[in-house]
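1. Any chance you could fold what I've pasted below:
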Amino acid sequence: MRKIIDRYIFREITFPFLIILFVLTFVLLMGKILQIMDLVINKGVSFFSIVKIIFFMMPSFLLFTIPIALLIAILIAVGRLSSDNEITALKTSGISLLQIYYPVAIISLITFILSIIISYFLVPQSNFATKRLLFNIIQQNANIGIKEKVFNDNFKGFLLYAEKIPVNKNYMEGVVVSDKRIPGQQNTIMAKKAVLVSDPESMRVKLTLEDGSIHTVSSDLKNYRKIDFKSYDISLDLSTALSGIDKSAKSSRDMTMTELLDAMKKPGKNEADVRELAIEVHKKISIPLSCIFFGLLALPLGIRSHRSAKSRGFAVGLIVVSSYYLLRIGGEALSETGYLPPAIGVWVPNILFTFAGIYLFYTANRETSFFQKLSSF
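-> Residues are numbered from 1 along each chain as shown. Modelled structure (predicted):
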């Protein structure tokens with residue numbers, strides 16, 4: 001009998017969990033759709049590359065949506081059981097709230113394990129893979145964004161013009177480059193031929209110019225200099241095309257737990273960098289743990305919100321999630337600025353919601369509330 005009830009409650013939670021997880025993940029993906037469409041339309045990126053980008057984005061989305069979907073699913077499922085008086089029937093048959101919590105604890109533990117795997121391994125790997133993929137897309141499709149007889153400003157500090165781009169060729173002819181990297185000095189480079197060359201290891205792109213000359217005019221327009229060359233290389237800054245992504249090194253979000261701990265031990269790190277790394281270390285544990293206390297919190301809240309199971313359960317879930325993530329954002333901001341230690345700034349929301357869950361579970365199990373206790377005095 002006990003196993004049948006456990007499977008029944010587990011199924012009641014699992015179905016809305018999967019639906020909500022899909023919807024929330026899809027909504028987050030829609031927030032990135034404009035950037036993805038820009039890659040397809042303006043950069044000529046292939047469908048296969050777009051699928052890879054979306055695939056690499058999924059772990060970061062899932063780490064955010066799994067705890068939220070779990071909380072709302074439990075609220076909806078338990079609220080539905082309460083509205084149909086099934087919770088009351090279970091209690092009258094001798095099944096305690098702790099026994100009802102057993103399948104909730106199981107699914108909370110499963111989502112916690114899944115989230116910890118995503119946080120520890122998949123998110124850092126996918127973030128860095130996304131960065132490298134975007135670089136490869138840009139450097140492989142840089143010629144697509146360059147049209148003949150059109151001035152191109154995709155490269156920071158440069159204005160590029162090509163008189164002719166032969167079909168199905170990776171070079172340009174009749175190239176003019178306006179170099180604005182040095183303030184107060186205008187360099188104009190002319191070349192018969194130019195080729196974009198990439199270096200995957202250093203994640204840089206350079207423009208190799210052949211048979212041309214560099215024309216330099218001083219800021220007061222009194223001096224002029226010309227330099228002829230057979231070959232001239234320009235290292236291109238793709239920050240405009242890659243929306244400011246740092247391509248040359250891993251950021252804290254791209255590091256595994258081991259890499260974060262090793263980076264914190266390196267000498268010469270300033271306090272701000274160490275705080276950023278420490279915050280990321282604590283987040284890798286604290287975010288997956290939210291599945292545990294969300295499950296603990298959702299069961300008593302679901303029982304209390306029984307009148308309109310789905311709508312109220314969803315609303316209560318949004319309020320809880322909003323409160324939690326507002327506390328997280330505030331705590332992380334205070335930690336980043338040095339007002340709070342990273343451990344406190346990151347873990348305070350978890351601690352507060354854990355105590356709230358324990359208190360609500362205790363009062364629900366005893367079928368009392370804080371207000372009932374006050375009225376008894």
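
2. can you pull out the strands in the stretch 201-350 of the chain?
-> 204-217, 224-236 (DSSP state E, counting those that start in this stretch).

3. Most tightly packed of these?
-> Compared across the strands of the stretch 201-350 of the chain, strand 204-217 shows the largest average neighbour count, a mean of 17 (mean count of other C-beta atoms under 10 Å). Just so you know, the C-beta spots here come from the backbone N, C-alpha and C atoms, and that holds for glycine as well.

4. chain center to it: distance?
-> How far strand 204-217 lies from its chain's middle: 38 Å, per C-alpha atoms, centre = their mean, to the nearest Å.

5. Now render the strands of the stretch 201-350 of the chain as JSON lines, adding distance to residue 67.
-> Shown next, in JSON lines, are the strands of the stretch 201-350 of the chain (distance: least, C-beta to C-beta, whole Å):
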{"stretch": "strand 204-217", "distance to residue 67": "39"}
{"stretch": "strand 224-236", "distance to residue 67": "41"}
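
6. so residue 286 sits right up against residue 345, yeah?
-> No. Assessed by C-beta atoms under 8 Å, residue 286 is found out of contact with residue 345, at 10.3 Å.

7. and the two? which has more neighbours close in?
-> residue 345 (24 against 20; other C-beta atoms under 10 Å).

8. Which residues are in contact with the more buried one?
-> By C-beta atoms under 8 Å, 6 or more residues apart in numbering, the contact list for residue 345 reads 279, 331, 332, 333, 334, 335.

9. Just the pLDDT for it.
-> Residue 345 is assigned 91 on the pLDDT scale.

10. follow-up on the earlier one: quick one: which of the contacts of residue 345 is nearest to residue 32?
-> Top of the list for closeness to residue 32, among the contacts of residue 345 and by C-beta to C-beta, is residue 332 at 22.1 Å.

11. Contact partners for the closest one?
-> Residue 332 is in contact with 279, 283, 345, 346, counting by C-beta under 8 Å, 6+ apart.

12. List the ones among the residues you listed that fall in helices.
-> 279, 283, 345, 346 (DSSP state H).

13. for the record, mean pLDDT for stretch 196-208?
-> Stretch 196-208 comes out at a mean pLDDT of 67.

14. Assign residue 190 to helix, strand or coil.
-> Following DSSP: H, G, I helix; E, B strand; the rest coil, we place residue 190 in the strand state.

15. these two touch, right, it and residue 173?
-> No. Residue 190 is not in contact with residue 173 according to C-beta under 8 Å; the separation is 11.6 Å.

16. And the helices in the chain?
-> Going by DSSP H, the chain shows helices at 2-31, 33-43, 47-83, 86-92, 97-117, 123-145, 257-265, 271-304, 309-336, 342-365, 370-376.

17. can you pull the buried residues of the third one?
-> Residues 49, 52-53, 56-83 are the ones in helix 47-83 that count as buried (16 or more other C-beta atoms under 10 Å).

18. cool, and the fifth one?
-> Neighbour-count burial for helix 97-117, counted by 16+ other C-beta under 10 Å, picks out 97, 100, 101, 103, 104, 107, 108, 111, 112, 114, 115, 116.

19. ok, so of those, who is nearest residue 293?
-> residue 108 (8.6 Å).

20. do you know how far the closest one is from residue 79?
-> Here residue 108 is placed at a distance of 17 Å from residue 79 (C-beta to C-beta, to the nearest Å).

21. ok, for the residue positioned nearest the centre of the chain, nearest residue in space, not its chain neighbours?
-> The centre of the chain sits closest to residue 60, judged by C-alpha atoms, centre = their mean, with a distance of 4.3 Å. In this structure, residue 60 finds its nearest non-sequential neighbour in residue 123, 5.6 Å apart by C-beta to C-beta, 6 or more residues apart in numbering.

22. on that earlier part again, now the ones in helices among the contacts of residue 332: which count as buried?
-> 279, 283, 345, 346.

23. Looking at those residues, point me to the pair that's furthest apart.
-> 283 and 345 (10.3 Å).

24. one step back: distance to residue 318 for the contacts of residue 332 - can I get that in CSV?
-> Formatted as CSV, the contacts of residue 332 follow (distance: C-beta to C-beta, whole Å):
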residue, distance to residue 318
279, 26
283, 22
345, 24
346, 22
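
25. List just the nearest of these to residue 254.
-> residue 283 (13.6 Å).

26. ok, now which ones touch the closest one?
-> With C-beta under 8 Å, 6+ apart, residue 283 has these contacts: 119, 332, 346.

27. now with 6 Å?
-> residue 346 (C-beta atoms under 6 Å, 6 or more residues apart in numbering).

28. and the gap between it and residue 116?
-> 12 Å.

29. which residues are in contact with both of the two?
-> Common neighbours of residue 283 and residue 116 (C-beta under 6 Å, 6+ apart) do not exist.

30. How about residue 214: what's its closest non-neighbour residue?
-> residue 227 (4.4 Å).

31. And the pLDDT for the one you found?
-> 88.

32. what about it, distance to residue 213?
-> For residue 227, the distance to residue 213 - C-beta to C-beta - is 6 Å.

33. same thing with residue 27?
-> 54 Å.

34. Backbone dihedrals for the most far-flung residue of the chain relative to its centre, please?
-> Residue farthest from the centre of the chain, counting by C-alpha atoms, centre = their mean, is residue 222 at 52.4 Å. Main-chain torsions, residue 222, degrees, to the nearest 10: phi -100, psi -20.

35. Mind pulling up the pLDDT for it?
-> At residue 222, pLDDT is 75.

36. picking that back up, between the ones in helices among the contacts of residue 332, which is nearest residue 303?
-> residue 346 (30.2 Å).

37. my guess is that closest one contacts residue 280, does it?
-> No. Judged on C-beta atoms under 6 Å, residue 346 makes no contact with residue 280 at a distance of 9.3 Å.

38. How much space separates the residue nearest to residue 214 from residue 20?
-> 64 Å.

39. Repeat that for residue 86.
-> 21 Å.
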